[in-house]
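*Asks:* Structure here, sequence nowhere to be found:
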C-alpha cells in the first residue's frame, strides 16, 4: 500500500512539472527553484520507499536501509529553502556569504 502512495505522489509531482513547464505565469527565475523543490521531493520520496522496502529484517539490506534513511533526512531540510527561493531571490546571496 505504501508503494502505491509513493507512486501516486511521484506521478502528481511529474504532472506538476509539466504544468509548470507550459505555464507562462512564472518567469524562469521563479520556475527554477520550483523545479529544484520538485526534484528534491521526488528524491526524498524514492529514498523513503527504499527505506520501507529495505526494512524487512534482512541483514544484507541494512546498509541500503541506512543509506536511504540518511539521504532522505539530509535532503528534506533543503526543500523549504528551495521553495523560499521562489519568493526571495536575495536568500542565495545571504547563504553564499556565510
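*Replies:* Great, that's in hand. This is a predicted model, so every value here is computed, not measured.
*Asks:* average model confidence for the helix ranked longest in the chain?
*Replies:* Using DSSP state H, we find that the single longest helix of the chain is helix 28-54. Within the predicted structure, the mean pLDDT of helix 28-54 is 91.
*Asks:* can you pull the buried residues of it?
*Replies:* 31, 33-34, 36-38, 40-45, 47-51, 54 (16 or more other CB atoms under 10 Å). Bear in mind the C-beta positions are built from the backbone N, C-alpha and C, glycine included.
*Asks:* elements contacting it?
*Replies:* helix 2-22, helix 62-75, helix 78-87 (3 or more CB pairs under 8 Å, 6 or more residues apart in numbering; DSSP states H and E).
*Asks:* Adding mean neighbour count and mean pLDDT, write those out as TSV.
*Replies:* TSV is the format used below for those (neighbours: other CB atoms under 10 Å; pLDDT from 0 to 100):
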stretch	mean neighbour count	mean pLDDT
helix 2-22	12	92
helix 62-75	15	92
helix 78-87	15	88
